[in-house]
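J.: pasting the structure only:
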């Protein structure tokens, strides 16, 4: 019952946290300069500069400015009090998902997000799965062979992967394996997520083609968290192996292998499991750099384009969904922590 009560309290905490995040970000988009109204006014100024000349330009623009600004503020809903704007954005428009995009008036924010979300999920979930499948066993192997040859050589690879920025790795892989330089390998496509098929591909052809396009971007995704997760797993297991309870288990007659695999490993997985939740938010958000270099139409590029273009309806919808995924991810981390470590006492003091 204590655990159920704890999960319920965490669920209740999600609501004010989400409201606090969205209120702050929503207010910033309304009060910071350079919003959609200012952008449209600047465009009108540019049109006025092309069509008018000299002194008549400024007077003509000032007359257009007042009327045009008021119409734009009414169009975007900026003529209402800030709390009314926030309520209308959050409830009737479902976190702004049903609002039309400023740059694409014929599409709503959700339509744009829905067209990009599957791509980011493909890359993000695959990268997260491969990261854990590779890093957790590698970290365990490094801990069990601490200060041996395997630990030393694998550390060299890990630190090289950690030192190379994702954009540099992406450019290097693209240069080496995409045929951009004559004489080098032309193995993988320059970008995109699929080939142009003359006829609809079979399931196997679709999977092979998607894997072919995803190979290099996935390497860049994984490299970002490869070293950190591997070293976290190694150091966590080493700490548990040197703990008193492991020595006690061995002193009672258990083998060292049994003490490590049945007792130390479970506690060593706690910090690794707590990192799963924040990774869910990263999976949804995507990677701006990797998506740009490999021409991947994912969530990262959409959020960047919305921010640069001051398309606040799309940007705020992305922010709300990302915050929701992050909060749910944190809740999942707490549940995993609770399952892995049954010693936690959730009763109120």
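T.: Here it is on my side, so go on. As the structure is a computational prediction, the values presented were derived from the model and not from experiment. Numbering: from 1, shown residues only.
J.: contacts, neighbours, all on C-alpha from now
T.: Fine.
J.: Residue 97 is in contact with residue 110, correct?
T.: Yes: in this structure, residue 110 is within contact of residue 97 by Cα atoms under 8 Å, at 4.7 Å.
J.: which neighbours do the two share?
T.: When contacts are counted by Cα atoms under 8 Å, 6 or more residues apart in numbering, residue 110 and residue 97 are jointly contacted by 314, 317.
J.: Just name whatever secondary elements the lengthiest helix in the chain is in contact with.
T.: Ranked by number of residues, the top helix in the chain under DSSP state H is helix 203-241. With contacts defined as 3 or more Cα pairs under 8 Å, 6 or more residues apart in numbering; DSSP states H and E, the packing partners of helix 203-241 are helix 109-144, helix 149-163, helix 166-177, helix 265-273, helix 288-293.
J.: what bits of the stretch 1-150 of the chain have low per-residue confidence?
T.: Applying pLDDT under 70 to the stretch 1-150 of the chain flags residues 1, 43-65.
J.: again, only this time at 90
T.: For the stretch 1-150 of the chain, residues meeting the criterion pLDDT under 90 lie at 1-15, 25, 27-82, 85, 88, 91-107, 115-132, 134, 146-147.
J.: what's the burial count for residue 163?
T.: Neighbouring residues of residue 163 were enumerated by other Cα atoms under 10 Å; the total is 11.
J.: One more: the one 4 residues further on?
T.: Residue 167 has 15 neighbours, counted by other Cα under 10 Å.
J.: Look up the closest residue to it, ignoring the ones flanking it.
T.: Distances taken as Cα to Cα, 6 or more residues apart in numbering put residue 289 closest to residue 167, at 6.1 Å, once the chain neighbours are dropped.
J.: And for residue 294?
T.: In space, not counting the residues next to it along the chain, residue 294 is nearest to residue 191; the distance is 4.3 Å by Cα to Cα, 6+ apart.
J.: can you tell me which residues contact the spatially most central residue of the chain?
T.: With distances taken as Cα atoms, centre = their mean, the residue of the chain nearest its centroid is residue 282 (2.2 Å). Applying Cα under 8 Å, 6+ apart to residue 282 gives the contacts residue 124.
J.: any idea how far it is from residue 307?
T.: 18 Å (Cα to Cα, to the nearest Å).
J.: again, but for residue 217
T.: Between residue 217 and residue 307 the computed distance is 23 Å (Cα to Cα).
J.: For these two, indicate the residue with more neighbours.
T.: More crowded of residue 217 and residue 307, by other Cα under 10 Å: residue 217, with 25 against 14.
J.: what about the closest residue to the more buried one other than its chain neighbours, how many neighbours?
T.: In space, not counting the residues next to it along the chain, residue 217 is nearest to residue 290; the distance is 6.5 Å by Cα to Cα, 6+ apart. Neighbourhood size, residue 290 [other Cα under 10 Å]: 24.
J.: Now do the same for residue 290: its pLDDT.
T.: In the predicted model, residue 290 carries a pLDDT score of 85.
J.: Can you give me the distance of it to residue 168?
T.: Between residue 290 and residue 168 the computed distance is 10 Å (Cα to Cα).
J.: same check, this time on residue 36
T.: Between residue 36 and residue 168 the distance, using Cα to Cα, works out to 34 Å.
J.: What residue spans form the domains of the protein?
T.: 2-90, 109-340 (automatic domain parsing).
J.: Just send these back as TSV, with distance to residue 103 too.
T.: As requested, those are arranged in TSV below (distance: least, Cα to Cα, whole Å):
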stretch	distance to residue 103
domain 2-90	10
domain 109-340	6
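J.: Most tightly packed of those?
T.: Neighbour counts (mean count of other Cα atoms under 10 Å) averaged over each of the domains of the chain peak at domain 109-340, with a mean of 18.
J.: isn't residue 214 right up against residue 123?
T.: Yes: in this structure, residue 214 is within contact of residue 123 by Cα under 8 Å, at 7.2 Å.
J.: Now for the two: what residues contact both?
T.: Counting by Cα under 8 Å, 6+ apart, nothing touches both residue 214 and residue 123.
J.: ok so, going back, can you tell me which of the helices and strands packed on helix 203-241 is nearest to residue 314?
T.: helix 109-144 (4.8 Å; Cα to Cα).
J.: Report all helices and strands that the closest one contacts.
T.: Other elements packing on helix 109-144 under the criterion 3+ Cα pairs under 8 Å, 6+ apart are helix 149-163, helix 203-241, helix 276-285, helix 299-308, helix 312-340.
J.: Please compute how far whatever helix or strand comes next after the longest one lies from its chain's middle.
T.: Looking back up the chat, that one is helix 203-241. From helix 203-241 onward toward the C-terminus, using DSSP states H and E, the following helix or strand is helix 244-251. Taking Cα atoms, centre = their mean, to the nearest Å, one finds helix 244-251 lying 41 Å from the centre of the chain it belongs to.
J.: List of residues touching helix 244-251?
T.: Counting by Cα under 8 Å, 6+ apart, the neighbours of helix 244-251 from elsewhere in the structure are 240, 256, 259-260, 263-264.
J.: One more: stretch 262-280?
T.: For stretch 262-280, the surrounding residues in contact (Cα under 8 Å, 6+ apart) are 128, 229, 232-233, 236-237, 239-241, 246, 325-326, 328-334, 336-337, 340-341.
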